[in-house]
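1. What follows is a predicted protein model with its sequence.
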Amino acid sequence: MNKKIVATEPNPAAEQRLYRVVAAKIQDLIREEHIKPGTRLPAERDLAAKLSVSRASLREALIALELSGIVEVRGGSGVYVSEKASSPSDVAEGGPGPFEVLAARRLIESEVAAIAAKMATDSAIDAILRAAAEMEQHHSDRATNEQADRNFHLAIARATGNTALVGVVETLWNQRGTMWHKLKEHFQTEELRQNTLDDHRNIVAAIAAHDAAGARQAMRAHLERVTKTFSRG
């Protein structure tokens, strides 16, 4: 007997980005507990436990709320309720959350690095080396350093010889929007910046040695390190 397939309406709540759901929970908490403007919210660890969400999801939500003017993140002090929080406010859609993009990059760029290690020509390896050297040379210039970082990852994608993969990696980098930059502004550390240089050296060495497994692992370790740094307290 054939079963009848019934079409269902899409569920907007299921399609909503997680950080927006968590941001709404935080706004509900502020209203329900009558937390006044200028008051410090509970510490992230406590707030994540109270809302039953991960630290990464909470941090994305707080960044979204900060960009919407609902909270103020004060480095080394905590997160404070702003005047705007006293009235219902919509959190602006900011595209994929930073940790969502990092998860995708960890999955895709690790394999891209492995393919690059197999396929890279001498000229492709030279391009990767130039980008890595530029990043080290401009370590203290954040804007130039970030552009060199982007060039490094795109050079690895180009080393695969697959233009579709170059497009995928470029799209992922273009999704690092306002939320990403605000997260980086608050939680980037000198330790992470130094570790990134070390990670890049490891990635270059594996690709230059045509070590696919080593390149895959080096890229994954690099992106896992970034994720942990941005999500830990």
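-> Received, thanks. The structure displayed is predicted, hence computed values, not measured ones. Residues are numbered from 1 along each chain as shown.

2. quick one, what contacts the spatially most central residue of the chain?
-> The centre of the chain sits closest to Pro98, judged by Cα atoms, centre = their mean, with a distance of 3.0 Å. Contacts here follow Cβ atoms under 8 Å, 6 or more residues apart in numbering; on that basis Pro98 touches Glu60, Ile63, Arg176, Met179, Trp180, Leu183, Phe230. Backbone N, C-alpha and C define where each C-beta goes, glycine included.

3. how does it look with 7 Å?
-> Contact analysis of Pro98 by Cβ atoms under 7 Å, 6 or more residues apart in numbering lists Glu60, Met179, Trp180, Leu183, Phe230.

4. Can you convert these into JSON lines and add a column each for distance to Arg106, secondary structure and neighbour count?
-> Shown next, in JSON lines, are the contacts of Pro98 (distance: Cβ to Cβ, whole Å; DSSP: H, G, I helix; E, B strand; the rest coil; neighbours: other Cβ atoms under 10 Å):
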{"residue": "Glu60", "distance to Arg106": "16", "secondary structure": "helix", "neighbour count": "29"}
{"residue": "Met179", "distance to Arg106": "18", "secondary structure": "helix", "neighbour count": "25"}
{"residue": "Trp180", "distance to Arg106": "15", "secondary structure": "helix", "neighbour count": "22"}
{"residue": "Leu183", "distance to Arg106": "16", "secondary structure": "helix", "neighbour count": "22"}
{"residue": "Phe230", "distance to Arg106": "13", "secondary structure": "helix", "neighbour count": "22"}
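
5. Tell me which two of the residues you listed sit farthest apart.
-> The span of the contacts of Pro98, defined through Cβ to Cβ, is set by Met179 and Phe230 at 11.1 Å.

6. List the buried residues in the helix or strand Ala164 falls within.
-> Element membership of Ala164 [criterion: DSSP states H and E] is helix 163-174. For helix 163-174, the neighbour count (16 or more other Cβ atoms under 10 Å) marks Leu165, Val166, Val168, Val169, Leu172, Trp173 as buried.

7. now these as JSON lines including pLDDT and distance to Asp211?
-> Shown next, in JSON lines, are the buried residues of helix 163-174 (pLDDT from 0 to 100; distance: Cβ to Cβ, whole Å):
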{"residue": "Leu165", "pLDDT": "98", "distance to Asp211": "19"}
{"residue": "Val166", "pLDDT": "98", "distance to Asp211": "22"}
{"residue": "Val168", "pLDDT": "97", "distance to Asp211": "23"}
{"residue": "Val169", "pLDDT": "97", "distance to Asp211": "20"}
{"residue": "Leu172", "pLDDT": "95", "distance to Asp211": "24"}
{"residue": "Trp173", "pLDDT": "92", "distance to Asp211": "25"}
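
8. Which of these lies at the shortest distance from Arg105?
-> The closest of these to Arg105 turns out to be Leu172 (Cβ to Cβ; 5.3 Å).

9. which sections of this structure are below the confidence cut-off?
-> 1-16, 84-94, 233 (pLDDT under 70).

10. can I see the domain layout of it?
-> Under automatic domain parsing, the residue ranges defining each domain of the chain are 16-86, 98-231.

11. Buried ones in whichever helix in the chain runs longest, by neighbour count?
-> Longest helix of the chain, by residue count under DSSP state H: helix 98-119. Buried residues in helix 98-119, counting neighbours by 16+ other Cβ under 10 Å, are found at 98-102, 104-106, 108-117.

12. residue ranges for the helices of the protein, please.
-> 12-15, 18-32, 44-51, 55-67, 98-119, 122-137, 142-158, 163-174, 178-187, 190-208, 212-231.
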